[in-house]
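Asks: I need the structure of the sequence given here:
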Amino acid sequence: MRVIKSRLDRMLPDVQVFLDVDNQGHGDDHPHIDVSNVFLCFLTQDWFKNVPCIREIVRAVLRKKPIIALLEHNTSKETGGLTQADCRNILRSKEYEEKLKENMTHIVSAVVSPTGVGTYLIVLLS
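Replies: Modelled structure (predicted):
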């Protein structure tokens, strides 16, 4: 994600890019989702297991943000990369459905009261 951020900064100098690992908001990162034009996430095995990431993507959906999902081309266990089919299977799984249900109250309230952090890159278009 850092490489993507760097390249976006160089190719589009008028664009502001927010990368969560650079700007740890200690639970206050959701406002960046609210003011963004695009939500970009790097889908890995860990990303789907991370509750704050689930909350952030749901917030982006609720805010009707265009979402760009990137996949790691190396699908080894070391990188956590996934194929499109893997992602679809996770999204359709009962386990993931349960995670969504468990966090639904927090997710819906997060639209009003921002909390949580995760792995995402947000592009703010001037």
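Asks: pLDDT below threshold where in the chain?
Replies: 22-30, 103-126 (pLDDT under 70).
Asks: just the helices in it please.
Replies: Along the chain, counting by DSSP state H, helices occupy 2-11, 30-35, 45-49, 51-62, 84-92, 94-110.
Asks: what sits up against the shortest one?
Replies: Pointing back at helix 45-49 there. Defining contact as C-beta atoms under 8 Å, 6 or more residues apart in numbering, one finds that helix 45-49 is touched by 41, 53, 54, 80, 82, 87, 90, 96, 118, 119. From N, CA and C alone the C-beta is placed, and that goes for glycine too.
Asks: closest to residue 70 out of the helices of the chain?
Replies: Closest approach to residue 70 among these (C-beta to C-beta): helix 2-11, 7.5 Å.
Asks: can you put the contacts of helix 45-49 in JSON lines and add neighbour count and distance to residue 8?
Replies: Putting these into JSON lines (neighbours: other C-beta atoms under 10 Å; distance: C-beta to C-beta, whole Å) gives the following:
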{"residue": "41", "neighbour count": "20", "distance to residue 8": "15"}
{"residue": "53", "neighbour count": "22", "distance to residue 8": "20"}
{"residue": "54", "neighbour count": "22", "distance to residue 8": "25"}
{"residue": "80", "neighbour count": "17", "distance to residue 8": "23"}
{"residue": "82", "neighbour count": "19", "distance to residue 8": "23"}
{"residue": "87", "neighbour count": "16", "distance to residue 8": "23"}
{"residue": "90", "neighbour count": "17", "distance to residue 8": "27"}
{"residue": "96", "neighbour count": "15", "distance to residue 8": "29"}
{"residue": "118", "neighbour count": "17", "distance to residue 8": "19"}
{"residue": "119", "neighbour count": "18", "distance to residue 8": "16"}
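Asks: for those residues, which one is nearest residue 74?
Replies: Distances from residue 74 to the contacts of helix 45-49, taken by C-beta to C-beta, are shortest for residue 80, at 9.2 Å.
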